[in-house]
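Asks: Dropping the sequence and predicted coords here.
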Amino acid sequence: MINLVDRCLEKGLRLTDARRIIIEILQASEDHPDAFVLQERARERDPSISTATVYRTLKLLEDLSLISRHDFGDGRARYEEADKEHHDHLINLETGEIIEFHDEALESLKQAIAKGLGYDLRDHRLELYAIPLKPQDAAQE
């Protein structure tokens, strides 16, 4: 897969040093950082990167469909690359951890539901909000 910096260049985006740092950090993120976290990480490389620069860069990348914005119910917009392989999310309500997963049976079921309702599914997002099972709950299953 082509990296995010190269995809920005393909779209004609001018990459200032600050933008490049923000984009590289977003690309390297294995979590779903919000603007505050991105700014903290960017400032480790360049302390002059402002909050406004982070927000403007995120908005620009989102407008160009290079990143996806998620609202996982915690009041913070979180971001990830848009061209990652399709996956769904499970959000741990106790810790806030976001777990990416892919399940072929679930994908087939989503297609079947859309078809049964007379639609051709083109895109979707699925977010599951859960709490960890207690050891006694897991043993009962």
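Replies: Received the coordinates, thanks.
Asks: Mind jotting down where the helices sit in this structure?
Replies: Along the chain, the stretches classed as helices by DSSP state H are 4-10, 17-28, 35-45, 51-63, 104-116, 135-140.
Asks: between the ones you listed, which one is nearest to E80?
Replies: With C-beta to C-beta as the measure, helix 17-28 is the member of the helices of the chain nearest E80 (7.9 Å). All C-beta spots, glycine's among them, are computed from the backbone N, C-alpha and C.
Asks: How about residues contacting that closest one?
Replies: Helix 17-28 is contacted by residues 3-5, 8, 13, 15, 33, 38, 41-42, 45-46, 48-49, 53-54, 57-58, 61, 67, 79-81 when judged by C-beta atoms under 8 Å, 6 or more residues apart in numbering.
Asks: Return a PyMOL selection command for the buried portion of those.
Replies: Taking 16 or more other C-beta atoms under 10 Å as the burial criterion, the selection of buried members of the contacts of helix 17-28 in PyMOL is written as:
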select buried, resi 4+5+8+13+33+38+41+42+49+53+54+57+58+61+67+79+80+81
